[in-house]
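>>> what's the 3D shape of this:
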Amino acid sequence: MYSRLNPVKMVRNGLLSVALTASMLGGQTIPLNIQTISKDDGSKNVTFLTIRREGLIKNGRLGELYINEKFVCYTLENDKLKIPPGTYNITRTRKGFRLQKVPGRYNINIEIGNYPFESLGCVFVGTGYNADGVTGSKIALLRLIRFVKFPAVVLIS
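Okay, the predicted model is just below:
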């Protein structure tokens, strides 16, 4: 299995891309997927969100969300319906943010929610957490809305 998942930014043929690579236990690094963000013409700054999955609670997986490597909030996913590790473009929606091109899935959002059983595959955000889920979800989403500028990409490890 993987020992570490690593986001990597790269420019190829004038296009800015990110790749999620995995360092294998033997030291070999393999690409898991590559997502093209935009033309690298210097006019657009890409916002990089990173979700690092950290721990388990009953039926849920807790994580931490970073924007450009600065901690912003906690995350919660339904452990049975969690999003595959990878890189995804995101867009703004009425409820929060939508991940684009999640394999085999649609309407996958980063949004308000507190408990794993409420999620049908989306990521909930919170300012804190307890044994049941995340807390302060609305405040965390408002914080994200304030800090995320587009184009934006989320890296899930």
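>>> Report the buried residues of the helix or strand that contains L142.
Assigned by DSSP states H and E, L142 falls within helix 137-147. Buried residues in helix 137-147, counted by 16 or more other CB atoms under 10 Å: 137, 140-141, 143-144. Bear in mind the C-beta positions are built from the backbone N, C-alpha and C, glycine included.
>>> So which residues make contact with it?
For helix 137-147, the external contacting residues (CB atoms under 8 Å, 6 or more residues apart in numbering) are 47, 65, 67, 72-74, 92, 96-97, 110-114, 124-127, 134.
>>> burial measure for Y88, as a count.
24 (other CB atoms under 10 Å).
>>> who's in contact with the nearest residue to it once chain neighbours are set aside?
Residue nearest to Y88 in three dimensions, not counting chain neighbours: L99, with 4.2 Å by CB to CB, 6 or more residues apart in numbering. Counting by CB under 8 Å, 6+ apart, L99 makes contact with 83, 88-90, 108-110, 154.
>>> let's see 10 Å
L99 makes contacts with 83, 86-91, 105-110, 121-123, 153-154, 156, as judged by CB atoms under 10 Å, 6 or more residues apart in numbering.
>>> one step back: would you reformat the buried residues of helix 137-147 as a markdown table and include pLDDT and distance to N78?
A markdown table is the format used below for the buried residues of helix 137-147 (pLDDT from 0 to 100; distance: CB to CB, whole Å):
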| residue | pLDDT | distance to N78 |
| --- | --- | --- |
| S137 | 98 | 15 |
| A140 | 98 | 18 |
| L141 | 98 | 18 |
| R143 | 96 | 22 |
| L144 | 96 | 20 |
